[in-house]
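In: What follows is a predicted structure for the sequence shown.
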Amino acid sequence: MGRWRPPVPDSSPYITAAGFAALQKELDNLWLRRRVVVRALAEAAAEGDRSENAEYIYRKKELGGLDRRIGYLQKRLPVLNVVRELPDSDAIYFGAIVELRDDAGDILTYRIVGPDETDAANNAISMDSPLARALLARRVDDEVVVSIGEQTSTLVVVSIRYESQA
């Protein structure tokens, strides 16, 4: 018997114009990469015994991964809502770049984006994340208590700004 897993909750369908363009470019590049992999797979298959052909097995797995990602992007891109207009507000909403001061006095900067364009290296957090949910509709000097697992932190909103990322 297989292991049952609860269904994954639907993620928000919002994305910035730059994020949408990046996903579209990724899809185009995956189709180009797929052509190369299919050609290499055909060459590996022509070598004979497929059960012991490492190149064939590797290319087959690579093709499966590419097809899964292509399928996901083909389903996801049509349902995404591209947010082109930034709010004219002094509160935190989608697209905001927020500076926060933590308990230790350190300044943390985050940009609130859609779940399809999160990037920890660039401090882009999903609007579905616990931190972003706690920050939504907050204003400068508001205190936000965020609990992630066993850890609870108090953050103070230092600044909020919106920048066009088109």
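Out: Yep, it's here.
In: where does residue 156 land in three-state SS?
Out: What DSSP: H, G, I helix; E, B strand; the rest coil gives for residue 156 is strand.
In: who are the neighbours of the lowest-mean-pLDDT helix or strand in the chain, in terms of helices and strands?
Out: Counting by mean pLDDT, DSSP states H and E, the weakest-scoring helix or strand in the chain turns out to be strand 143-148, with a mean of 87. If contacts are counted by 3 or more Cβ pairs under 8 Å, 6 or more residues apart in numbering; DSSP states H and E, strand 143-148 sits against helix 130-135, strand 151-162. C-betas here are computed from N, CA, C, even on glycine.
In: Show me which residues of stretch 64-77 are buried.
Out: Neighbour counts over stretch 64-77 (16 or more other Cβ atoms under 10 Å) mark 66, 70, 73 as buried.
In: The second one and residue 146, how far apart?
Out: Spelled out, it's residue 70. In this view, residue 70 and residue 146 are 36 Å apart by Cβ to Cβ, to the nearest Å.
In: Next: residue 71.
Out: For residue 71, the distance to residue 146 - Cβ to Cβ - is 35 Å.
In: swap in residue 128?
Out: On the measure of Cβ to Cβ, residue 128 and residue 146 end up 14 Å apart.
In: For the protein, which segments count as strands?
Out: For the chain, applying DSSP state E gives strands covering 14-16, 81-83, 96-101, 107-113, 124-126, 143-148, 151-162.
In: any idea of the mean pLDDT for the longest one?
Out: When pLDDT is averaged over strand 151-162, the result is 92.
In: Please apply the same query to the fifth one.
Out: The pLDDT scores in strand 124-126 average 95.
In: more crowded one of residue 128 and residue 146?
Out: residue 146 (18 against 15; other Cβ atoms under 10 Å).
In: The residue nearest to residue 100 when sequence neighbours are not counted: neighbour count?
Out: Of all residues not flanking residue 100 in the chain, residue 155 sits nearest, at 4.3 Å (Cβ to Cβ, 6 or more residues apart in numbering). Residue neighbour count, defined by other Cβ under 10 Å, stands at 21 for residue 155.
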